[in-house]
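A.B. asks: any chance you could fold what I've pasted below:
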Amino acid sequence: MKGDAGTLAAEVEGPVLLPGSSRYDDERAGFQAAFRHRPALVVGATRPEDVRAAVRFAAERRLPVAVQSTGHGIVTALNGEGVLITTRRMKTLTVDPDAGTVTAQAGVLWGEVVERSAPHGLAPVNGSALGIGVVGYLLGGGTGLLGRRTGYASDHVRALDVVTADGVLRHVTAESEPDLFWALRGGGGNFGAVTAVETALMPLTRLYGGSLHLAADRPLDLLLAYRAWTSTLPDELTSSLCLMACPPWPNVPEPLHGRYAAHIRIAFTGSAEEGERLVAPLRALGPRLLDTVREMPYTRVGDIYRDPHAPHAYFGGNVLLRALDPTALGTVVDVAGPGAAVPCSIEIRHLGGAFARRSPDRGAVGTRDAAYMLRVMTGGAAAPPAAARPVHRQVYDALEPWTVGRSLNSVYHDGGPLSQEHVRELFAAGDYERLRRVKTLYDPHNLFRSTHNIPPEPSD
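C.D. replies: Sure, this is the predicted structure:
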């Protein structure tokens, strides 16, 4: 491999690194600190031509390929083999205010898009964390910050530039290659290395939103109150609730230190006056530990969730639910609440609204008729997956009668690729087989790998 690496290094502008080299570990590192790819070779791409060279190199040698930008997901598709292409250096970003679109290369972050769009009175269909990579988020579907109003972020994609397994850089649209365009918008990184994406912006400069932290001495009562509150909301309000123990860390506000609290996140595009009226029932639940819900410019949307910026270890998953059953919620609190065997955070995201609307040009995003997504997460080395896994399993078992699927963007598992049984759960009925047909057409030798790998159909 060393001699071959030298040949590849002569073709690309970015670094080509082997295990044991001084920059190898830094190059393969991502936001997720617990699990990492262990490739035989890492290519730090700086331009689409670098990606093409790396894909051709791997294809000629039948080496598996994975692509990583920020590395927020669980990234263990390569384990001692293959080529990892990192795209964090690919940062070209162009806003077209007349067309209401943005074109972003594979290393661009959502925060950069928010900043560049704002002077034009526009905003992207981004998620809660502005440090997330644009391309990876859109490939997974994207349950956005304003998703009950906008629907899935991937539905707003107009075009993608992608290097397929034959080494060809394709400009993929609904007109040019409809099947591949469909698969890329929600099917993940199974079909090629995306070098850039064009997606629509929305005319928006402000919203009413922020965080409401409540003492959660009676966590089940808060979950039931949230369940009742969300049943009355307009589509313009998207929210979530997270139950968690708040450690005395520098990035955690002092009023929360040592408390078990409910963190409610609000994003509403209506007026501040109407927002105050809608949020009033939550404020009445009390006692309030911290309340930052207010009128804000869209450029401050990262303040709503206050997602951590520093890489760290975490493990968990999610289920999409058609309803929140009170008895099942009681079991969830008993198993993963303040008395859990391992520290857990329980997050419920309100779906419905535009998330559930179907359109002829929808992508491969999974089940769209879910009313809520529930995630269970355990972070830090103090509670490794081996200890957390059975606790999380009890939560999912309790929710199984109301489960309609899983969200691809929120799969945080361990131990390498998912089983095909679990991969099928990420997609709507019939879509998995269509994805396999697209995989067979564009990647018949299964060159591109991910933790949710979709294999090509067997050859005759």
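
A.B. asks: kindly export stretch 252-262 (C-alpha atoms) in CSV.
C.D. replies: Extracted in CSV, the C-alpha atoms of stretch 252-262 (Å, rounded to 0.1, in the frame of the first residue of the first chain):
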residue,chain,number,x,y,z
VAL,A,252,-23.5,24.2,31.3
PRO,A,253,-25.2,27.3,32.8
GLU,A,254,-24.7,27.5,36.5
PRO,A,255,-28.4,27.4,37.5
LEU,A,256,-28.5,23.9,36.0
HIS,A,257,-25.5,22.4,37.8
GLY,A,258,-26.4,19.1,39.5
ARG,A,259,-30.1,19.3,38.5
TYR,A,260,-32.2,16.8,36.6
ALA,A,261,-34.0,19.1,34.2
ALA,A,262,-36.2,19.2,31.2
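
A.B. asks: of all the residues in that stretch, which ones are buried?
C.D. replies: Neighbour-count burial for stretch 252-262, counted by 16 or more other C-beta atoms under 10 Å, picks out 252, 256, 259, 260, 261, 262. C-beta coordinates here come from the backbone N, C-alpha and C atoms, glycine included.

A.B. asks: just how off-centre is it within its chain?
C.D. replies: 26 Å (C-alpha atoms, centre = their mean, to the nearest Å).

A.B. asks: name the residues that touch that stretch?
C.D. replies: 213-217, 219, 222, 241-248, 289-290, 338 (C-beta atoms under 8 Å, 6 or more residues apart in numbering).

A.B. asks: of those residues, grab the buried ones for PyMOL.
C.D. replies: Buried residues among the contacts of stretch 252-262 (16+ other C-beta under 10 Å), as a PyMOL selection:
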select buried, resi 213+214+215+216+219+222+241+242+243+244+245+246+289+290
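
A.B. asks: okay, and which of the contacts of stretch 252-262 map to strands?
C.D. replies: Counting by DSSP state E, the part of the contacts of stretch 252-262 found in strands is 213, 214, 215, 241, 242, 243, 244, 245, 289, 290.

A.B. asks: phi and psi next, for residue 445.
C.D. replies: Phi and psi for residue 445, reported as degrees, to the nearest 10, are phi -100, psi 10.

A.B. asks: for it, grab the count of nearby residues.
C.D. replies: 12 (other C-beta atoms under 10 Å).

A.B. asks: now do it, the pLDDT please.
C.D. replies: pLDDT recorded at residue 445 is 96.

A.B. asks: I'd like to know how far the most centrally placed residue in the chain sits from residue 378.
C.D. replies: Centroid check for the chain by C-alpha atoms, centre = their mean gives residue 409 as the closest residue, at 3.4 Å. With distances taken as C-beta to C-beta, to the nearest Å, residue 409 is found 18 Å from residue 378.

A.B. asks: just residue 252 next, same as before
C.D. replies: 17 Å.

A.B. asks: and what of residue 6?
C.D. replies: Taken as C-beta to C-beta, the span from residue 6 to residue 378 is 43 Å.

A.B. asks: what does residue 280 give?
C.D. replies: For residue 280, the distance to residue 378 - C-beta to C-beta - is 34 Å.

A.B. asks: more neighbours, those two?
C.D. replies: Using other C-beta under 10 Å as the criterion, residue 280 and residue 378 rank with residue 378 on top: 24 against 9.
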